[in-house]
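**Q** Structure for the following, please:
(one chain, ligands or ions: 1)
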Amino acid sequence: MKNISIIGAGTMGNGIAHVFAQNGFQVNLIDISQNALDRALSTINKNLERLLSKERITSEIKDETLKNITTFNTISEGLKNADLVIEAATENEDVKLKIFKQIDKEAPENSILATNTSSISITKIAAVTSRPDKVIGMHFMNPVPIMKLVEIIRGYSTSDEVTQTIMDLSKQLKKIPVEVNDYPGFIANRILMPMLNEAIYALYENVAGIYEIDTVMKLGMAHPMGPLQLADFIGLDVCLSILNVLYEGFGNPKYAPCPLLVNMVAANKLGAKSGEGFYDYSESRKAEKISKQFI
Ligand code: NAD
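**A** From the prediction side, this is the model:
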């Protein structure tokens with residue numbers, strides 16, 4: 001494998017592009033938004049600067065990494081010679097099915113098609129292509145350059161050979177791949193999301209306050225971040241949509257999203273990205289938030 005096309009240059013796409021490029025792959029980074037592409041290149045540059053200042057990379061590696069990335073505004077242009085396509089576009093089933101129909105038609109016949117989806121069925125995505133044996137989940141964790149895990153999700157028809165190729169490729173990126181089967185939420189979100197939901201229920205039922213719930217989990221369970229703060233960083237809309245996938249996928253009420261979460265999303269309190277979730281991320285409250293975070 002040499003040429004990797006990445007669709008979507010947002011939070012995850014830019015991290016995935018960075019990791020492949022730093023490991024010597026040629027990366028075509030594609031996004032319909034020129035703004036997203038510009039932001040992605042500037043984030044990658046900043047992250048490389050940080051690694052350079054900590055002497056974790058040389059300036060040659062920084063330059064090589066940036067040189068290995070080419071950006072494109074359309075999928076068609078960016079797929080040429082792709083050995084592997086990784087879709088990291090918006091978490092929306094219709095968007096992803098449309099993208100996979102197109103890449104199946106336009107990517108080289110032998111290329112493997114991967115998705116970074118957090119919760120959408122790999123099997124369903126594979127079914128809109130003519131090569132379901134070559135479709136696989138490659139679920140990187142955020143922030144991609146730092147987090148070691150890649151959850152490798154086998155769809156119903158994914159072949160052994162494709163799974164092995166992607167497991168080996170992940171190791172080449174110095175990541176630790178873990179193979180799982182395609183059921184709602186895979187492993188990461190099937191276990192994480194009910195925990196976050198339970199923390200929101202504890203707040204909703206007034207068992208304890210925000211600070212108390214997060215402190216119990218940080219100091220008591222050695223979690224680096226409390227569940228309510230983590231939900232804020234993931235995005236409350238994203239948490240709600242994954243819980244709905246679990247709830248509908250298993251038909252089990254234990255996954256039903258807490259009404260407080262539903263209300264907060266309806267009120268556009270989406271966490272860090274909207275400036276307010278369980279915590280206040282506005283400038284004026286930043287100092288208070290940070291002092292609480294590190295107690
Ligand atoms: P994001 O909103 O930051 O970025 C998505 C990008 O996709 C945007 O820049 C958008 O312009 C682009 N896009 C949308 N439609 C497109 C199309 N048709 N062609 C090309 N580009 C298109 O989203 P994100 O947080 O980077 O998430 C991307 C994927 O990664 C989702 O499937 C998400 O579930 C998954 N994921 C996210 C996280 C996380 O913590 N954010 C973690 C693991 C997996």
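**Q** going forward, measure contacts and count neighbours with C-alpha atoms only.
**A** Will do.
**Q** SS state for Val265?
**A** helix (DSSP: H, G, I helix; E, B strand; the rest coil).
**Q** wouldn't it be in contact with Leu236 here?
**A** Yes. Using Cα atoms under 8 Å, Val265 is in contact with Leu236, at 6.3 Å.
**Q** quick one: Ala199 from Ile234, how far?
**A** Relative to Ile234, Ala199 is positioned 15 Å away (Cα to Cα, to the nearest Å).
**Q** all strands of the protein, in order?
**A** 3-7, 26-30, 69-72, 84-87, 112-115, 135-140, 149-154, 176-181 (DSSP state E).
**Q** any chance of these in JSON lines, with mean neighbour count too?
**A** Formatted as JSON lines, the strands of the chain follow (neighbours: other Cα atoms under 10 Å):
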{"stretch": "strand 3-7", "mean neighbour count": "27"}
{"stretch": "strand 26-30", "mean neighbour count": "26"}
{"stretch": "strand 69-72", "mean neighbour count": "19"}
{"stretch": "strand 84-87", "mean neighbour count": "25"}
{"stretch": "strand 112-115", "mean neighbour count": "26"}
{"stretch": "strand 135-140", "mean neighbour count": "29"}
{"stretch": "strand 149-154", "mean neighbour count": "24"}
{"stretch": "strand 176-181", "mean neighbour count": "17"}
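**Q** Turn the ones you listed into TSV, including mean pLDDT and distance to the ligand.
**A** Output for the strands of the chain, formatted as TSV (pLDDT from 0 to 100; distance: least, Cα to the nearest ligand atom, whole Å):
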stretch	mean pLDDT	distance to the ligand
strand 3-7	98	5
strand 26-30	98	6
strand 69-72	98	9
strand 84-87	98	7
strand 112-115	98	7
strand 135-140	98	6
strand 149-154	98	10
strand 176-181	98	14
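**Q** out of the ones you listed, nearest to Val216?
**A** Closest approach to Val216 among the strands of the chain (Cα to Cα): strand 149-154, 25.6 Å.
**Q** related to what we said a few turns ago, ok, Val265 and Leu236, which is more surrounded?
**A** Leu236 (26 against 19; other Cα atoms under 10 Å).
**Q** what's in contact with the top helix by length along the chain?
**A** The longest helix of the chain (DSSP state H) is helix 34-53. Taking contacts as Cα atoms under 8 Å, 6 or more residues apart in numbering, the residues outside helix 34-53 that touch it are 9-11, 13-15, 18, 29-31, 57-59, 62, 66, 71, 73.
**Q** so how far is that helix from its chain's centroid?
**A** 17 Å (Cα atoms, centre = their mean, to the nearest Å).
**Q** so what's Ala126 up against?
**A** Ala126 sits in contact with Phe100, Pro132, Asp133, Val135, Ile136, Gly155, Ser157, where contact means Cα under 8 Å, 6+ apart.
**Q** hmm, 10 Å instead?
**A** Contacts for Ala126 (Cα atoms under 10 Å, 6 or more residues apart in numbering) come out as 97, 100-101, 104, 113-115, 132-137, 155-158.
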